[in-house]
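J.: pasting the sequence and the predicted model now:
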Amino acid sequence: MNQLNLLWDYQTADIEVERISKEIKRSPNRQQLVKYRDSLLSLQKNLDRISEEVLTMQDRLEALSDAIKRTESQIQGIQEKLQTNEPENTEETERYIAEVKRLISNLNDYEGEIKRIRTDSVEREKMQRDVKMRAARTKKEFDKVKEVYDAEFKEMNERLNAAKEKADEAAKPLSQAYLDKYQAIKRHSFPPLAKMIGSQCTGCNMSLPSGIVKDVQSGKEVECETCGRLLIFSE
């Protein structure tokens, strides 16, 4: 048997390998697992984002607490100063009053922001609970489908390994040059070999020039001018 016929046998085995590989990738259970996995990753990102927001809120609450203490201390300082030394004139009194008003206004702003943050914090806690519940449900469904897919994959993988072994055996009598040629064509056309029936390439269904037809019939190594596949004669 010549190299082209041997390569045809190898291609038959290789096609089976590709078919089973695609069957594994296109398994509905596998696709469902990928969907659940992506959903879990998305939910985890949401949890991470919420956690970061909560930490930011906590930091801000601490900063506001410190600011309130400083402001209250400033107000107390002004009150103590007024008790110790009365203002010398109306202008100085108005300055003290204006400063106290400003500080009280700041306190009101700080307290208002704290109230908003606490409201947002409660909302974030609700969001965290909701995301965690959704993640738990999704994980439960993931585990259920994974159990089924693991059994399915084991059977398909055994068939795939058997097909690969058959392809490896079919490759043994082939020269490296033909195997390299096969892989090079496979990168743009699969299957890489096509039978010539009459004067037509069965890979692309295009008619071939008479010179190429004769070369193929004589067993020469010829590639289809249209699709680039290696042609093999079929009576």
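T.: Arrived safely. Everything quoted here is computed from the prediction, not taken from an experiment.
J.: the spatially most central residue of the chain: which element?
T.: The chain has Asp38 as the residue nearest its centroid, 6.7 Å off, counting by Cα atoms, centre = their mean. If you go by DSSP states H and E, Asp38 is part of helix 28-84.
J.: how far does that helix sit from its chain's centre?
T.: With Cα atoms, centre = their mean, to the nearest Å as the basis, helix 28-84 stands 28 Å off its chain's centre.
J.: what is it packed up against?
T.: With contacts defined as 3 or more Cβ pairs under 8 Å, 6 or more residues apart in numbering; DSSP states H and E, helix 28-84 has these neighbours: helix 90-171. (Glycine included, C-beta is placed from N, CA and C.)
J.: show me how far the helix it packs on is from its chain's centre.
T.: Distance, stretch centre to chain centre, for helix 90-171: 17 Å (Cα atoms, centre = their mean).
J.: quick one: contacts of the next helix or strand after that helix?
T.: Going down the chain from helix 90-171, the next helix or strand is helix 176-186, by DSSP H and E. Contacts to helix 176-186, defined as Cβ atoms under 8 Å, 6 or more residues apart in numbering, come from residues 3-4, 6-7, 10-11, 171, 192-193, 223, 228-230.
J.: same question, stretch 57-73
T.: 103, 106-107, 110-111, 113-114, 117-118, 120-121, 124.
J.: Pro191 in helix, strand or coil?
T.: What DSSP: H, G, I helix; E, B strand; the rest coil gives for Pro191 is coil.
J.: report the separation between it and Leu230.
T.: To Leu230, Pro191 is 10 Å away according to Cβ to Cβ, to the nearest Å.
J.: these two: who's more crowded?
T.: Leu230 (23 against 17; other Cβ atoms under 10 Å).
J.: which strand residues bridge the more buried one?
T.: Leu193, Glu223 (DSSP bridges).
J.: burial count for Glu18?
T.: Glu18: 14 surrounding residues under other Cβ under 10 Å.
J.: going forward can the numbers begin at 29, since that is how I track them
T.: Okay, using 29 as the starting number, the last item reads as Glu46.
J.: what does the residue lying closest to it once chain neighbours are set aside show for phi and psi?
T.: Nearest residue to Glu46 in three dimensions, chain neighbours excluded: Phe218, at 7.1 Å (Cβ to Cβ, 6 or more residues apart in numbering). Backbone torsions for Phe218, taken as degrees, to the nearest 10, come to phi -130, psi 130.
J.: and Met161, what does it touch?
T.: With Cβ under 8 Å, 6+ apart, Met161 has no contacts at all.
J.: circling back to that earlier point, okay, now the residue nearest to Glu46: neighbour count?
T.: So Phe218, with other Cβ under 10 Å, has 14 neighbours.
J.: how much space separates it from Leu69?
T.: Relative to Leu69, Phe218 is positioned 33 Å away (Cβ to Cβ).
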